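Enquirer: Quick one: sequence and predicted model below, then my questions.
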Protein chains: 2
Amino acid sequence: MKKEYSETEIKIKTAAKSLFLKKGYSATTTREIAKESEINLALLNYYFTSKWKLFEIIMFETLFEFLSKMVEVYNDEKTSLEEKIKLTCEKYIDMTIAEPLLPTFVLNELKNNPTSFLKMPSTKMIMSSRLVAQYQEGVKKGIYTQVEPIHFVTNIMSLIVFPFMCSPILKKMEKLNTKEFNTLMLERKKSIPKWIIKMIKK
Amino acid sequence: MKKEYSETEIKIKTAAKSLFLKKGYSATTTREIAKESEINLALLNYYFTSKWKLFEIIMFETLFEFLSKMVEVYNDEKTSLEEKIKLTCEKYIDMTIAEPLLPTFVLNELKNNPTSFLKMPSTKMIMSSRLVAQYQEGVKKGIYTQVEPIHFVTNIMSLIVFPFMCSPILKKMEKLNTKEFNTLMLERKKSIPKWIIKMIKK
DNA sequence: TTTTTTATTAATCATTTGTTTAATTCAATT
DNA sequence: AATTGAATTAAACAAATGATTAATAAAAAA
C-alpha cells in the first residue's frame, strides 16, 4: 500500500532528492528545495511536516528501491552463481552511472545517523539469498574456497561501488572527464566477475 | 616548513577534526568546536579566520598524512610486489580501525567540493609508484594478467576501505558490535593479499 | 616598571534557517 | 450560486549561526 503522491509532492521530493544527493542533508536548505521545485516554501511543511521527515521518506524509498533491485538478482531461481555475479555487476554499475552520487550520500548519512535507519528495509535478505546459498553449495562441493559469506558479498560490492565513490580522486589521477570515467567503470562489468571467480576458485 | 601551532590552536584543530569527521562540515557549528575545545568562540576566527579556512587546513593535513603513509609502502625499494600488497593491507586496515570515520568523511566532502581540493597533495605519486612498476614488470614477464594499473590499484583500495564505509550496514546484517566488526576487518589483513594475488595471477 | 604586543573574553551583529501564521485562491460539493 | 475544504501564498517568528567588536587580561619587550 504505497502512498499516492500529488504532483506538487512529487516536485518537492524530486528536487529534494537531487539536492540531498548533491550536498547532503545539512547543507541543503528548505528554501533551496522550494526554489528548485518551484513551490512555495510553506508547502514543504504543509505536505511533509518537516525537512527531516521529508528526508526520511526520500532515504527510505531510495534504499528500498535499491535493495529490491539487488535482491531480485540475488534470488533468481534460474541463474547460476557465476551468472548472478555477472548480472549484479551489470545492473549495479549501470545504476550507479545513472546516479553516481548515491553511494557516498547513503553511506555518509548512514554514518551520521546509524540508529535512525534501523527501520531500513530488511538487509537480512542479502545473507539469506540464493546467491549466498549457491556459494556455500560450491564450497561444500569443494569448488570454491571456504570464506565467510559476509566477506564474499562484501567483496563483490566493494569492487563495484568503491571506484565510483573515488571518482573525484580517480578523475584527477588519470585526468579523466565524466565520460572517460564511465568508460573505465563499464570495463569493470566484464572484469569484476572474472576477478571474483578467480578469488573464490580453488 | 611546517607551521608551528600553539597549544590553543592544537586544541581547536583537534576538536574540529573530531567533529568534522563525526558530523561533516555543514552539520558542525563553530560553537560546538569552541565548546569541545574549551576555548572562546572568537578564538576560532582569531586564529583561523573562518570555519572554512579551518576546515581546509584540517582536510589538507589529513589527506597529506594519509597519502604520505601510503606512498611510503608503495615505494619501498626492498619489498616485492606481494609483500607490498600485504603491508598495504596491514597498515591501512590498522589505520582505518583507529580512525574509522575518515574514509566516508573524506570521500563525501570531496564529492561536495571536488574542485577545492585540486591543490590536494599529489595523487600522481600513486600511479608512478614502485608498486605499479612492479606489477607492470610482472605483466611483461607473463606472470600477471594484463589489466590497466588503475584497476589494479583501485581494487586493492576497494577491498580494504569499502567494508569500513559499510560498517553500519554490515553491523546490522550480522548483528555485530564494534569489536566484532573490527575482528572481521582484521581477518581481511590476511585474506585480501591472497585474493588480490589470485586476481592478477594467470 | 612601563609600554607594547598578544591572547582571551563577553556581548553583539547581520544573516540564515526551519517552521508557522493568517490570508487568499482554487476546486469540488451541495 | 453558495458553501466547504484543500491548496497556495506572502509575511513573519524564533532560534541558530558565522563572524566581529570593543574591552580586558596576560605576556613580552622596552
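Expert: Great, that's in hand.
Enquirer: CA only for contacts and neighbour counts going forward, please
Expert: Fine.
Enquirer: where does chain A have low pLDDT?
Expert: A:1-3, A:114, A:116-122 (pLDDT under 70).
Enquirer: can you map out the helices along it?
Expert: A:7-27, A:30-36, A:41-48, A:51-74, A:81-98, A:102-112, A:124-127, A:130-140, A:149-165, A:167-174, A:178-200 (DSSP state H).
Enquirer: what's the longest one in contact with?
Expert: Under the contact criterion C-alpha atoms under 8 Å, 6 or more residues apart in numbering or on different chains, helix A:51-74 has outside partners A:13, A:16-17, A:25, A:30, A:44-45, A:48, A:84, A:87-88, A:92, A:106, A:120-121, A:123, A:125-126, A:129-131.
Enquirer: which of the residues in that helix are buried?
Expert: A:51, A:54-55, A:58-59, A:64, A:67, A:70-71, A:73-74 (16 or more other C-alpha atoms under 10 Å in any protein chain shown).
Enquirer: Provide a list of residues in contact with the closest residue to DNA strand D within chain A.
Expert: Chain A approaches DNA strand D most closely through residue A:40 (3.9 Å), counting by C-alpha to the nearest atom of the strand. If you count contacts by C-alpha under 8 Å, 6+ apart, residue A:40 has them with residue A:34.
Enquirer: what are the phi and psi values for it?
Expert: For residue A:40, the backbone dihedrals (degrees, to the nearest 10) come out as phi -70, psi 140.
Enquirer: Distance check, it against residue A:161.
Expert: Residue A:40 sits 37 Å away from residue A:161, going by C-alpha to C-alpha, to the nearest Å.
Enquirer: Up against DNA strand C, what does chain A have?
Expert: Counting by C-alpha under 7 Å from any atom of the strand, chain A comes close to DNA strand C at A:26, A:28-31, A:41-42, A:45-46, A:49-52.
Enquirer: Now restrict the residues you listed to buried residues only.
Expert: Counted by 16+ other C-alpha under 10 Å, the residues of chain A next to DNA strand C give A:26, A:28, A:30, A:51 as buried.
Enquirer: What is the nearest of those residues to residue A:154?
Expert: Nearest to residue A:154 out of these is residue A:26 (C-alpha to C-alpha; 29.0 Å).
Enquirer: what about residue A:150, neighbour count?
Expert: By other C-alpha atoms under 10 Å in any protein chain shown, 15 other residues sit near residue A:150.
Enquirer: Around chain B, pick out the residues from chain A.
Expert: Within chain A, the residues that sit near chain B (C-alpha under 8 Å from any C-alpha of the partner chain) are A:22-23, A:26-27, A:101, A:104-105, A:107-108, A:110-112, A:114, A:118, A:123-124, A:127, A:154-155, A:158-159, A:162-163, A:165-166, A:168-169, A:172-173, A:195-196, A:198-199.
Enquirer: what domains does the record give for chain A?
Expert: Following automatic domain parsing, one gets these domains for chain A: A:1-49, A:59-200.
Enquirer: What count of nearby residues applies to the residue nearest to residue A:89 when sequence neighbours are not counted?
Expert: Nearest residue to residue A:89 in three dimensions, chain neighbours excluded: residue A:189, at 5.4 Å (C-alpha to C-alpha, 6 or more residues apart in numbering or on different chains). Residues lying near residue A:189 (other C-alpha under 10 Å) number 21.
Enquirer: go on, residue A:13?
Expert: Using other C-alpha under 10 Å: residue A:13 sits among 21 other residues.
Enquirer: Just give the closest residue to residue A:146, not the sequence neighbours.
Expert: residue A:139 (5.9 Å).
Enquirer: May I ask you to confirm that that neighbour is in contact with residue A:148?
Expert: No - counting by C-alpha atoms under 8 Å, residue A:139 stays clear of residue A:148, with 10.4 Å between them.
Enquirer: higher neighbour count, the two?
Expert: Neighbours were counted for residue A:139 and for residue A:148 using other C-alpha under 10 Å; residue A:139 has more, 17 against 11.
Enquirer: List the residues that contact the residue nearest to residue A:89.
Expert: A:86, A:89-90, A:93.
Enquirer: Need the contact partners of stretch A:98-105.
Expert: So stretch A:98-105 is contacted by A:20-22, A:24, A:96, A:161, A:164-165, B:104, B:107-108, B:111 (C-alpha under 8 Å, 6+ apart).
Enquirer: Can you mark which positions in that stretch are buried?
Expert: Neighbour-count burial for stretch A:98-105 flags A:100-105 (criterion: 16+ other C-alpha under 10 Å).
Enquirer: Closest to chain B out of those residues?
Expert: residue A:104 (6.0 Å; C-alpha to the nearest C-alpha).
Enquirer: near DNA strand D, which residues of chain A?
Expert: A:8, A:39-43, A:46.
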